[in-house]
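In: What would the 3D arrangement of this be:
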Amino acid sequence: MRVEARGPARVDLAGGTVDIWPLYLFHPGAQTVNLAIRCYASCVIETRADRRIVLASQDQGIREKFEDLTQLALGTSRLPLLRELVLFFEPRRGLNIKTSSQVPAGAGLGGSSALNIALCGGLARVTGKHYTRGQILEIARNVEAIVIRVPTGWQDYYPALYGGANALHLERDGVKREKLPLSFPEVEKRFVLCYTGEPRDSAINNWEVMKSHIDGEEKVLKNFDQITTIASQMREALLARDWNDVGELLGLEWENRKRNFKGISTPLIDRMIEHTRKAGTLAAKVCGAGGGGCVVFMVQPGTKPAVEAALVRMGGRIINFSVSRAGLEVRSDQA
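Out: The predicted model follows:
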């Protein structure tokens, strides 16, 4: 049996980091607004005639072999996410698993979570285990926390599962996804996505911010109140197609986020934002936790090519900003 699965990465427009439990419980009305993009993490899973488990990452150039699940459980792996997921799904037969990703390492686009979702979908199919999307999300989130050893947020898993534009309402009785009915062509012509070439570790940045919040640092608490308000207003502006407000809110989100942790921005990111204003940039912010990775730029209509060219001259790598309407996709050679 051969199974292929993929999940899209995401661009977060407002409300990131607040989605980490229990931070959002201290900020009534907390929500995160994001978009799934056509930049995918994928896996191919094939069953074997024996009990051997073969794990391979095309991007990292790593290939590992284990004689069976027992050896996998007792041994160590340079691919810990794959290891933990295989152990959870407990396949009765051996497997070949190969992963690949269009998402640059440390991009801040939720690439590891998209791969996590793809693997969960693929492993569920190949092992014949039936989980709802909500259950897949829980499995992915819990396993990722085991791997990175710090709390994880909610927002990366929903775009990977469902695609499209999302407002995630972070409430006391659970996280509720609202599908935002946006005109994707209208959105796509107004945004540029650039990889700065400076990978970062989101677990470190988010953990530093979370510790400051839990410690009751007044400045951080106030910033999160502001970010919560901005995310709510961002949702309203997108639904109203008020692009002036969207740009203003994107800039405000970035200014508040930078105050949380000094390593969130970098000199290169600051230069890119400043130098592209003449080409048409209205506002910009780092994707994910910051400290490098990708930056999303909102630009004036008709200036997208000029902004992209300016970023390339500064050493940036342009990633196609196109909304993925579909989330997790799983295909197999058996009905």
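
In: Please name the residues that touch residue 163.
Out: By CB atoms under 8 Å, 6 or more residues apart in numbering, the contact set of residue 163 is 8, 36, 323, 324, 325, 326, 327. (C-beta placed from N, C-alpha, C; glycine too.)

In: buried subset of these?
Out: 8, 36, 323, 324, 327 (16 or more other CB atoms under 10 Å).

In: where do the helices sit along the stretch 151-300 of the chain?
Out: For the stretch 151-300 of the chain, helices defined by DSSP state H, counting those that start in this stretch occupy the ranges 157-162, 184-188, 202-214, 218-240, 243-258, 267-275.

In: out of those helices, deepest packed?
Out: Counting by mean count of other CB atoms under 10 Å, helix 157-162 has the highest mean neighbour count of the helices of the stretch 151-300 of the chain, with a mean of 28.

In: which helices and strands sit right next to that one?
Out: On a contact count with 3 or more CB pairs under 8 Å, 6 or more residues apart in numbering; DSSP states H and E, helix 157-162 meets strand 2-14, strand 31-47, helix 111-127, helix 133-148, strand 165-171, strand 174-179.

In: Let me see the mean pLDDT of it.
Out: Mean pLDDT, computed over helix 157-162, is 98.

In: how much distance is there from that helix to the middle of the chain?
Out: 9 Å (CA atoms, centre = their mean, to the nearest Å).

In: I figured residue 327 hits residue 156, correct?
Out: No: Residue 327 is not in contact with residue 156 according to CB atoms under 8 Å; the separation is 11.9 Å.

In: what about the residue nearest to residue 82 when sequence neighbours are not counted, which helix or strand?
Out: In this structure, residue 82 finds its nearest non-sequential neighbour in residue 55, 4.7 Å apart by CB to CB, 6 or more residues apart in numbering. Assigned by DSSP states H and E, residue 55 belongs to strand 53-57.

In: Partner strands of that strand, with direction?
Out: Strand 53-57 has the following sheet partners, assigned by DSSP bridges: strand 62-66 (antiparallel), strand 95-101 (parallel).

In: Looking at those strands, which one is packed in the most?
Out: Most buried among the strands paired with strand 53-57, counting by mean count of other CB under 10 Å: strand 95-101, with a mean of 21.

In: on that earlier part again, need the helices and strands packed on helix 157-162 in CSV (columns: distance to residue 302 and mean pLDDT).
Out: Shown next, in CSV, are the helices and strands packed on helix 157-162 (distance: least, CB to CB, whole Å; pLDDT from 0 to 100):
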stretch, distance to residue 302, mean pLDDT
strand 2-14, 21, 97
strand 31-47, 21, 98
helix 111-127, 30, 97
helix 133-148, 39, 95
strand 165-171, 23, 97
strand 174-179, 29, 96
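
In: Kindly present the ones you listed as JSON lines, with separate columns for distance to residue 265.
Out: Formatted as JSON lines, these follow (distance: least, CB to CB, whole Å):
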{"stretch": "strand 2-14", "distance to residue 265": "16"}
{"stretch": "strand 31-47", "distance to residue 265": "20"}
{"stretch": "helix 111-127", "distance to residue 265": "21"}
{"stretch": "helix 133-148", "distance to residue 265": "23"}
{"stretch": "strand 165-171", "distance to residue 265": "25"}
{"stretch": "strand 174-179", "distance to residue 265": "28"}
